[in-house]
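**Q** A structural model of the following input is requested.
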Amino acid sequence: MSGFVEKPEPVQVPGLVHLHTGKVRDLYQNEAGDLVMVASDRTSAYDWVLPTVIPDKGRILTQLSLWWFDKLADLAPSHVLSTELPPGAPADWAGRTLVCKSLQMIPVECVARGYLTGSGLAEYNESRTVCGLALPEGLVDGSELPAPIFTPATKAAVGDHDENVSYEEVARQVGVETAANLRQTTLAVYGRARDIARDRGIILADTKFEFGYDGDTLVLADEVLTPDSSRFWPADRWEPGRSQPSFDKQFVRDWLTSPASGWDRTSEEPPPPLPQEIVEATRAKYTEAYERLTGVAWS
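**A** Residues are numbered from 1 along each chain as shown. All right, here's what the predicted structure looks like:
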């Protein structure tokens, strides 16, 4: 069992229809048919949406996504139409709300990996492949790959795992032309972002994108290149052969699996609330990632 420990009630706003409550984002539709995406301060781990929020997280994710959308616009247009608050929206939606095009979404998590870790490392250790792609011998946790690879996954519902799939399976599901377009665009966007991050002392180990079609145009959607959707490592502390320090919610994962939490991940019991020091440490990592990438102090 997994999902929400405490599922929030959606905020009701005149003129907006609530469509979906996700792990982090709440999705609405306005009267023009556009999507209104609101990033909350919720956080998730091990397929659970936790009962404790991380202050400012939703604003950080939204503002960092907007920064990246601008840097990537020539490679893939974004779905963002406006950052203005819809009439009647609560004041705390400011800075965390995007009005977006309604797209024909493609049901594939488009993952790019430049380094070996996570589920890719687990598969590599078993078969020397990732999503069916053969890799050379001798790689370890944190190794840089010979070249970035496209390793797609299915998009799961809240509480379920995304599952890695082969490129051939993606082509079967969405068509050969769309699959090729996804792979080419994913790797192009990853390459641009990797170089930008590297110049700022950050390794972009891997990341995931979502795309949809606006007519015949492939459009970058949802969030992009945030600590929730990417692994960012400090370049000056990179050391293959071990787990890398990162700018994300690793503090949350580590505490949940420690004796201090008292939580058994294999049980059906929901995880407990996070202690304040874990909340503060996690917020600090998100803030640091934003500041190091953008060069702007978070406020």
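**Q** SS state for Phe69?
**A** The three-state label given to Phe69 by DSSP: H, G, I helix; E, B strand; the rest coil is helix.
**Q** That should have said Ala205, apologies.
**A** Classified using three-state DSSP, Ala205 is strand.
**Q** Glu177 - that's part of a strand, no?
**A** No. The assignment for Glu177, made by three-state DSSP, is helix rather than a strand.
**Q** what pLDDT does it get?
**A** The per-residue pLDDT reported for Glu177 equals 97.
**Q** Not counting its neighbours along the chain, what's nearest Arg96?
**A** Of all residues not flanking Arg96 in the chain, Gly58 sits nearest, at 4.1 Å (CB to CB, 6 or more residues apart in numbering). Using the backbone N, CA and C atoms, a C-beta is placed for each residue, glycine as well.
**Q** which residues touch that neighbour?
**A** Contact analysis of Gly58 by CB atoms under 8 Å, 6 or more residues apart in numbering lists 24, 38-42, 96.
**Q** element containing it, please.
**A** Assigned by DSSP states H and E, Gly58 belongs to helix 57-72.
**Q** Point out where the protein drops to low pLDDT.
**A** 1-2, 156-161 (pLDDT under 70).
**Q** Tell me the spacing between the spatially most central residue of it and Pro136.
**A** Centroid-nearest residue in the chain, with CA atoms, centre = their mean: Ser229, separated by 1.8 Å. Using CB to CB, to the nearest Å, Ser229 is found at 27 Å from Pro136.
**Q** what comes up buried for stretch 271-290?
**A** 271-272, 274, 278-279, 281-283, 285-290 (16 or more other CB atoms under 10 Å).
**Q** which two from those end up farthest apart in space?
**A** Greatest spatial distance among the buried residues of stretch 271-290 (CB to CB): Pro272 and Tyr290, at 27.9 Å.
**Q** quick one: the strands in the stretch 151-299 of the chain?
**A** 153-154, 202-214, 217-221, 230-234 (DSSP state E, counting those that start in this stretch).
**Q** Who are the packing partners of the first one?
**A** Based on contacts counted as 3 or more CB pairs under 8 Å, 6 or more residues apart in numbering; DSSP states H and E, the elements that strand 153-154 packs against are strand 108-115.
**Q** Mind checking what helix or strand follows the strand it packs on in sequence?
**A** On the C-terminal side of strand 108-115, the closest following helix or strand by DSSP H and E is helix 118-127.
**Q** next helix or strand past that next one?
**A** strand 129-130.
**Q** That next one: partners in the sheet, and parallel or antiparallel?
**A** Sheet pairing of strand 129-130 (DSSP bridges) gives strand 133-134 (antiparallel).
**Q** what's the strand it pairs with in contact with?
**A** By CB under 8 Å, 6+ apart, strand 133-134 touches 128, 149, 151, 167.
**Q** Repeat that for stretch 87-106.
**A** Stretch 87-106 has contacts (CB under 8 Å, 6+ apart) with 11, 13-16, 29-30, 33-40, 58-59, 61-63, 65-66, 79-86, 174, 178, 182, 210-214, 219, 221.
**Q** and those, which are buried?
**A** Buried among those by 16+ other CB under 10 Å: 13, 16, 29-30, 34-40, 58-59, 61-63, 65-66, 79-80, 85-86, 174, 178, 182, 210-212, 219, 221.
**Q** And the helices in this protein, which stretches?
**A** Listed in chain order, the helices of the chain (DSSP state H) span 57-72, 118-127, 167-174, 176-199, 250-256, 276-294.
**Q** for those, which one sits closest to Arg242?
**A** Evaluated over the helices of the chain, closeness to Arg242 peaks at helix 118-127, with 11.6 Å, by CB to CB.
**Q** Tell me how far the nearest residue to Trp263 once chain neighbours are set aside lies from Thr21.
**A** The shortest distance from Trp263 to any non-neighbouring residue, by CB to CB, 6+ apart, is to Pro271 (5.0 Å). Distance, Pro271 to Thr21, by CB to CB: 19 Å.
**Q** so who does Asp141 touch?
**A** Listed by CB under 8 Å, 6+ apart, the contact partners of Asp141 are 116-117, 121, 240-244.
**Q** now do Glu84
**A** By CB under 8 Å, 6+ apart, Glu84 lies in contact with Val99.
**Q** out of the contacts of strand 133-134, which are buried?
**A** Buried among those (16+ other CB under 10 Å): 149, 151, 167.
**Q** How many neighbouring residues does Glu169 have?
**A** The tally of other residues near Glu169 (other CB atoms under 10 Å) stands at 16.
**Q** Having no further points to raise, I will conclude here.
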